[in-house]
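>>> I'd like to go over a predicted model; first the sequence, then the structure.
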Amino acid sequence: MGYVKTKDGVDIFYKDWGPRDAQAVFFHHGWPLSADDWDNQMLFFLGQGFRVIAHDRRGHGRSTQVADGHDMDHYADDVAAVVEHLGAQGAVHVGHSTGGGEVVRYIARHREDPVPKAVLVSAVPPLMMKTEANPDGTPKEVFDDFQAQLAANRAKFYHDIPSGPFYGYNRLLTKASEPTILNWWRQGMMGGAKAHYDGIVAFSQTDFTADLQSIDIPVLVVHGDDDQVVPYKASGPRSAELLRNGRLKTYKGAPHGIPTTHADELNADILAFIRDRG
């Protein structure tokens, strides 16, 4: 664990476990969480002999609570700073939710890194917000309300999200896990309100269509068809279609928080995808 300073003076926290000469897997967390959200996956892949890396996005977790730069270009450049600092070129990049958008922008923007494969899990591309060209997207008013709730009472908002739609705990016959809810709340409250407020615009209004179309490496797209945060129809299938070498894996009845609710299945699918030489 350590920090790397970006060109604009932001300290980015990272974890780096495992053999330096092993195939690296770089994990990118969702909004408004931290690298800790990948604990299960990092321990699993470490046990499989991989080098595992994860960072806290600027303004999130243990990274600097800077007031600006909360957009996908800065997010991608921060990843590049971590990759360069660790000599982790050629890692497989795995992103959940906003982290999936970060992965797509990083690969498209930083061609100097020969990324061999990527995995998008419940990811925000190609575009979350509803527009004339994206009629299946989510209305902007929904994201405006997110910002209003964050500004009014962030602690309550960050308890309501994991208690309900994030893990599907608002569905009938689904038993909520209070420790999981509190772990989500803990990660969210570690970060900065300004970063999270601006991050809502970044993850909802960024159009990744051109990025996806420019990527020709194999990309596994994993999405639950009961995702209440990043709705399935406008995201997973569309990303897989736009990618030149995209493979869609639909988790029936799965919510947004797949890395937690379907950890064993996701780990097995990512491992098989990385090892697949076809």
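Yep, that arrived.
>>> Could you use CA atoms for every contact and neighbour count after this?
OK.
>>> shouldn't Thr131 be in contact with Thr206?
No: using Cα atoms under 8 Å, Thr131 makes no contact with Thr206, being 11.9 Å away.
>>> Compute the first-to-last residue distance for stretch 94-102.
Start and end residues of stretch 94-102 are separated by 10 Å (Cα to Cα, to the nearest Å).
>>> Starting from the helix or strand hosting Glu241, tell me the next helix or strand along the chain.
Using DSSP states H and E, Glu241 sits within helix 236-242. Proceeding N to C from helix 236-242, the next assigned helix or strand is strand 246-251, under DSSP H and E.
>>> what packs against that next one?
Strand 246-251 sits against strand 219-224, helix 236-242, with contacts defined as 3 or more Cα pairs under 8 Å, 6 or more residues apart in numbering; DSSP states H and E.
>>> other SSEs contacting the last one?
Contact partners of helix 236-242 among helices and strands, from 3+ Cα pairs under 8 Å, 6+ apart: helix 209-214, strand 219-224, strand 246-251.
>>> Try it again at 6 Å.
Under the contact definition 3 or more Cα pairs under 6 Å, 6 or more residues apart in numbering; DSSP states H and E, helix 236-242 sits against strand 246-251.
>>> Could you give the separation of the helix or strand that the strand it packs on is followed by from the chain centroid?
The helix or strand immediately downstream of strand 246-251 is helix 258-261, counting by DSSP H and E. Centre-to-centre, helix 258-261 and its host chain are 12 Å apart (Cα atoms, centre = their mean, to the nearest Å).
>>> ok, now stretch 243-261?
Chain-centre distance of stretch 243-261: 12 Å, with Cα atoms, centre = their mean.
>>> pLDDT on it, on average?
Mean pLDDT, stretch 243-261: 98.
>>> Show me what it is in contact with.
Contact with stretch 243-261 is made by 122, 166-168, 212-213, 216, 218-227, 240, as judged by Cα atoms under 6 Å, 6 or more residues apart in numbering.
>>> What remains of those residues if I keep only buried residues?
For these, a neighbour count by 16 or more other Cα atoms under 10 Å gives the buried set as 122, 166-168, 212-213, 218-227, 240.
>>> So which bits of the lengthiest helix in the chain are buried?
In the chain, taking DSSP state H as the definition, the longest helix is helix 140-163. For helix 140-163, a neighbour-count test (16+ other Cα under 10 Å) marks 140, 143, 146-147, 149-150, 154, 157-159, 161-163 as buried.
>>> And for stretch 39-58?
41-42, 44-46, 50-58.
>>> ok, how many other residues are close to Trp38?
For Trp38, the neighbour count with other Cα atoms under 10 Å is 22.
>>> and it, which of the three is it?
Under the three-state scheme (DSSP: H, G, I helix; E, B strand; the rest coil), Trp38 adopts helix.
>>> I'd like the distance between it and Gly191.
Distance of Trp38 to Gly191, given as Cα to Cα: 16 Å.
>>> do Asp21 as well
With Cα to Cα as the criterion, Asp21 and Gly191 are 32 Å apart.
>>> Nothing else from me, thank you.
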